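Participant: sharing a model prediction with you, sequence too.
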Amino acid sequence: MNALCLPDHLAPLLMHIEPLLAAADKYQLGEAVSMDWSGSEVVDIHLEGTTFKVAFNPSESEAQGLEVRDQWIAPYPTLAEMQQQVAANPALVVCGLPTEQGCVDIWHHLGEARAVYCHHAGASEPQRAMLLAALALDYPLEDAVTLSRAHARGYLESHADGYGETGWPMTRALFPRPLTANHPECDELGWASKEVAVSPFATVERDKLALYPVVDTAQWVTRLLDLGVKTTQLRIKDPSEPTLPAQITTIVEAGKQHGAQVFVNDYWQLAIDNQAYGVHLGQEDLETADLAAIQQAGLRLGLSTHGYYEILRAAEFAPSYIALGHIFPTTTKDMPSKPQGLNRLALYQKLIGDAFPTVAIGGIDLSRAERVWRTGVSSVAVVRAVTQADDPAKAIAAFEDILVRNPAE
Ligand SMILES: Cc1ncc(COP(=O)(O)OP(=O)(O)O)c(N)n1
Ligand SMILES: Cc1ncsc1CCOP(=O)(O)O
Ligand SMILES: [Mg+2]
């Protein structure tokens with residue numbers, strides 16, 4: 001069991017944290033969290049044998065663990081200053097930095113600062129409460145910060161007009177927007193972004209997007225197309241594979257002949273050169289791949305995500321689909337993040353709604369497909385469930401029987 005221990009001076013947060021933990025329990029969003037009192041001046045969070053500390057606005061002598069700055073007195077520091085400070089200090093978390101028209105939350109990610117921005121900050125105690133509850137539920141910091149802003153806004157709205165959300169935040173409009181080059185106010189705010197702005201990507205045909213096998217040879221792709229699969233991906237992880245360019249040429253041609261949506265994983269330049277149907281990229285590719293070139297060449301773009309912040313960040317680039325993973329444990333790929341599980345998946349799907357098609361991936365087999373499909377995702381991507389099936393044709397047919405959308409939906 002995880003534990004969240006509050007110091008006495010934060011006792012007023014209890015009335016906000018308890019309903020959040022109750023909601024997390026109801027939606028089964030993670031391990032149960034027990035509440036306790038901290039012997040120190042700061043918050044202690046115990047997760048699977050590790051403990052870390054969170055301090056709000058600590059003085060230099062108190063600083064230990066995460067240092068959350070959320071109280072601001074004019075004149076406020078500039079966003080550019082705070083971006084630099086957070087980039088240099090992995091422990092610093094900036095919440096609700098006031099700007100001319102809103103507020104910014106900033107945290108450290110691999111030597112850089114990342115941020116979300118919105119026009120209305122919401123209420124501060126619910127914001128702190130969600131930050132702590134989400135950390136105790138083992139959400140990564142970026143998701144805890146993002147959720148905490150959404151909850152702060154939902155809480156305030158619910159008290160202003162009775163229509164907001166006091167429980168777990170679900171409505172996209174409450175969530176802040178990541179500051180990327182695609183945010184219209186990015187330059188005006190003085191946020192230095194590494195990516196370039198890009199127009200929306202070409203769309204996919206949703207009715208061809210139910211089963212999405214991901215395979216590692218062109219031979220597999222052509223075999224799947226012959227079996228009637230309408231969406232698939234070539235995922236060869238060795239960039240020095242000598243047959244890579246030829247395999248990409250083969251699958252692009254085969255996809256066209258079959259009227260299928262064939263994606264190329266990773267190799268966006270070869271995908272453009274071959275006028276592929278689409279390319280699938282990961283989060284780390286967003287800063288290095290030439291997204292504008294992919295978009296201008298008319299290729300579809302699928303993006304991997306692993307939580308709230310990454311979903312919102314991916315949405316800023318208006319991709320052709322958003323992949324959500326990994327849902328269950330997998331042996332196909334080493335994953336730095338934890339499996340999301342079906343309940344978190346259902347909430348991500350609700351957040352995205354109809355804005356983008358979604359693809360669930362990771363550890364999905366025939367026994368789990370129906371429960372995944374019921375969350376409302378647009379597609380189910382599988383590796384082993386097809387490539388290691390005794391009879392892949394039979395497995396594909398069985399998936400297709402499950403992945404059927406009711407026409408009324
Ligand atoms: C449909 C789909 N979803 C997720 C992934 C994973 O992409 P990525 O995070 O870039 O990791 P690699 O596949 O490159 O190892 C995917 N390929 N397809
Ligand atoms: C490529 C990838 N990205 C996230 S999980 C995964 C592998 C999924 O493989 P499997 O369906 O065999 O678990
Ligand atoms: Mg990749």
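Facilitator: Nice, I can see it. Here the structure is a predicted model, which means the values were calculated and not measured. Ligands and ions are numbered 1, 2, ... in the order given.
Participant: and Ala398, how many neighbours does it have?
Facilitator: Applying other Cβ atoms under 10 Å, we find 16 residues neighbouring Ala398. Bear in mind the C-beta positions are built from the backbone N, C-alpha and C, glycine included.
Participant: quick one: contacts for it?
Facilitator: Contact analysis of Ala398 by Cβ atoms under 8 Å, 6 or more residues apart in numbering lists Leu366.
Participant: so what does it have for phi and psi?
Facilitator: Main-chain dihedrals, Ala398, degrees, to the nearest 10: phi -70, psi -40.
Participant: looking at it now. What's its pLDDT?
Facilitator: Note on Ala398: pLDDT of 98.
Participant: now do Lys333
Facilitator: pLDDT for Lys333: 96.
Participant: just the strands in the stretch 1-150 of the chain please.
Facilitator: Secondary structure of the stretch 1-150 of the chain (DSSP state E, counting those that start in this stretch): strands located at 2-6, 33-37, 43-47, 50-56, 66-69, 92-99, 102-109, 112-118.
Participant: what residues sit buried inside the second one?
Facilitator: When you say that, I think you mean strand 33-37. Neighbour-count burial for strand 33-37, counted by 16 or more other Cβ atoms under 10 Å, picks out Val33.
Participant: try stretch 322-337
Facilitator: Applying a neighbour-count criterion of 16+ other Cβ under 10 Å, the buried positions in stretch 322-337 are Ile322, Ala323, Leu324, Gly325, His326, Ile327, Phe328, Thr330, Thr332.
Participant: let me know the closest of those to Pro213.
Facilitator: Thr332 (12.0 Å; Cβ to Cβ).
Participant: if I look at the closest residue to the closest one other than its chain neighbours, how far off is Asp266?
Facilitator: Nearest in space to Thr332, with sequence neighbours left out and distances taken as Cβ to Cβ, 6 or more residues apart in numbering, is Val383 at 4.6 Å. Separation of Val383 from Asp266 (Cβ to Cβ, to the nearest Å) stands at 15 Å.
Participant: so what's the closest residue to ligand 3 within the chain up against?
Facilitator: Residue nearest to ligand 3 within the chain: Gly282 (3.8 Å; Cβ to the ion). By Cβ under 8 Å, 6+ apart, Gly282 lies in contact with Asp266, Leu303, Ser304.
Participant: turn those into TSV, columns for distance to Lys350, pLDDT and secondary structure.
Facilitator: Output for the contacts of Gly282, formatted as TSV (distance: Cβ to Cβ, whole Å; pLDDT from 0 to 100; DSSP: H, G, I helix; E, B strand; the rest coil):
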residue	distance to Lys350	pLDDT	secondary structure
Asp266	30	98	coil
Leu303	19	98	strand
Ser304	19	98	strand
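Participant: pull out the buried residues from stretch 202-218.
Facilitator: With burial defined by 16+ other Cβ under 10 Å, the residues of stretch 202-218 counted as buried are Val204, Leu209, Ala210, Leu211, Tyr212, Pro213, Val214, Val215, Asp216, Thr217, Ala218.
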